[in-house]
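Participant: Provided below for reference: sequence and predicted model.
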Amino acid sequence: MEKVKEKKKKKTSVATKIIYVFLFLLALIYIVPLIWVFFVSFKTNAEIFTSPFALPESLALDNYVVAWTAGKLGKATRNSALVCIITLILSMLVGSMAAFAIGRMRWKFSGAAMVYFMMGMMIPVHCVLIPLFTRFSKMGMTNSLVGLILPYLTFALPVTVFIMTGFFKSMPNELIESACIDGCSIYQIFYKIALPLSRTGLFVTGLMTFVANWNELLLAMVFISDDTKKTLPVSLSKFVGPYNTNYSQMFAAIVLAIVPTIVVYCCFSNQIVDGLTTGAVKG
């Protein structure tokens, strides 16, 4: 029996080592390009073409200054932040309310409402791009940030409802019943009990919504034509021209664009992992 146990331990140790090696290689695949982009952003165009994988000979900080001023990244960052924050707040509020109604309240069309939201996850944005543009152009919303917030919110709600419904369903019935006995209304149960207990799910859906909208390019490029209202991904496309591309400034702009998402993920990484594992076990 002891020999069998030792063999099993050796097999498990070998399997864990293989998993760790695989995860290490996977992490390198994601981290190495980011590090390369960071170092290239301090090079000149001549250095990029002559020695793209070498360290920069001198730190060309002017790349960041020119990228921020000439590319108008300040206004673009403000527009992206405004659109993402408003969409984030509305999607978390409306999505959690709909998920609570579907997951905890008993009404006739709760299943149909869930199917309706899940259908939104199967519709790509490319299929509704032309109808949205024609409808928004008639309403005068094609060159405004509201015209971006509405479709961003629409495509963020299905994922939010899907994840938050699992969290609300996992809550013990005794907790809701005791709150009802104490005289709490349905709104008090939602705001004082359900939302605080499902904050990990809010972190997960919030990060997914923020990252997806921060990096969104297609809708922003089609709907926005005014330079003062363009978002950050659209402003990054200015550095690529039909006849000339300033790679050093382009990489500096890319670094400025990805820093907010990295900071947000690093600040809330523990809550995100807890939310995903909790949803996986209870859902």
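Facilitator: Everything's here; your move. For clarity, every value in this text was computed on a predicted model and none was experimentally measured.

Participant: surely T228 meets K75?
Facilitator: Yes: using C-beta atoms under 8 Å, T228 is in contact with K75, at 5.9 Å. Just so you know, the C-beta spots here come from the backbone N, C-alpha and C atoms, and that holds for glycine as well.

Participant: So which residues make contact with stretch 28-36?
Facilitator: With contact meaning C-beta atoms under 8 Å, 6 or more residues apart in numbering, stretch 28-36 is reached by 53, 258.

Participant: just use 169 as the starting number from now, easier for me
Facilitator: Done: numbering now begins at 169, and the last item shifts to stretch 196-204.

Participant: Tabulate the CA atom coordinates of that stretch in CSV.
Facilitator: Extracted C-alpha coordinates of stretch 196-204, given in CSV (Å, rounded to 0.1, in the frame of the first residue of the first chain):
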residue,chain,number,x,y,z
LEU,A,196,5.3,34.5,-20.9
ILE,A,197,3.2,34.5,-24.0
TYR,A,198,1.1,37.3,-22.5
ILE,A,199,3.8,39.2,-20.6
VAL,A,200,6.7,39.3,-23.1
PRO,A,201,4.8,41.3,-25.8
LEU,A,202,3.8,43.9,-23.2
ILE,A,203,7.4,44.3,-22.0
TRP,A,204,8.6,44.5,-25.6
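
Participant: Just give me how far it sits from the chain centre.
Facilitator: 19 Å (C-alpha atoms, centre = their mean, to the nearest Å).

Participant: Show me what counts as buried in stretch 338-356.
Facilitator: 338-339, 344, 347, 352 (16 or more other C-beta atoms under 10 Å).

Participant: okay if I get these as TSV plus distance to I187 and secondary structure?
Facilitator: Listed next are the buried residues of stretch 338-356 as TSV, based on distance: C-beta to C-beta, whole Å; DSSP: H, G, I helix; E, B strand; the rest coil:
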residue	distance to I187	secondary structure
S338	28	coil
M339	33	coil
I344	40	helix
A347	43	helix
C352	46	coil
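
Participant: tell me which of those is nearest to V390?
Facilitator: Ranking the buried residues of stretch 338-356 by separation from V390, with C-beta to C-beta as the measure, puts S338 on top at 39.7 Å.

Participant: and L223, backbone torsions?
Facilitator: phi -70, psi 150 (degrees, to the nearest 10).

Participant: tell me the pLDDT at it?
Facilitator: Note for L223: predicted pLDDT of 82.

Participant: Look up how far I354 lies from it.
Facilitator: Per C-beta to C-beta, to the nearest Å, L223 is found 61 Å from I354.

Participant: do the same with V208
Facilitator: From V208 to I354 the distance is 55 Å (C-beta to C-beta).

Participant: so L370, which of the three states?
Facilitator: With DSSP: H, G, I helix; E, B strand; the rest coil as the basis, L370 sits in helix.

Participant: scratch that, M309 is what I was asking about
Facilitator: Relying on three-state DSSP, one would call M309 coil.

Participant: and the closest residue to N414 other than its chain neighbours, what is it in contact with?
Facilitator: Spatial nearest neighbour of N414, excluding adjacent residues (C-beta to C-beta, 6 or more residues apart in numbering): F407 at 5.7 Å. Residues near F407 by C-beta under 8 Å, 6+ apart: 235, 239, 413-414, 417-418, 421.

Participant: Check F407 and give its pLDDT.
Facilitator: Looking at F407, its pLDDT is 78.

Participant: center of this structure - which residue?
Facilitator: V379 (2.4 Å; C-alpha atoms, centre = their mean).

Participant: That residue against P428, yeah?
Facilitator: No: the criterion here is C-beta under 8 Å, and V379 misses it with P428 at 9.6 Å.

Participant: hang on, the earlier thing: how about JSON lines for the buried residues of stretch 338-356, with pLDDT and distance to G374 added?
Facilitator: JSON lines is the format used below for those (pLDDT from 0 to 100; distance: C-beta to C-beta, whole Å):
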{"residue": "S338", "pLDDT": "82", "distance to G374": "19"}
{"residue": "M339", "pLDDT": "83", "distance to G374": "19"}
{"residue": "I344", "pLDDT": "83", "distance to G374": "24"}
{"residue": "A347", "pLDDT": "84", "distance to G374": "25"}
{"residue": "C352", "pLDDT": "83", "distance to G374": "26"}
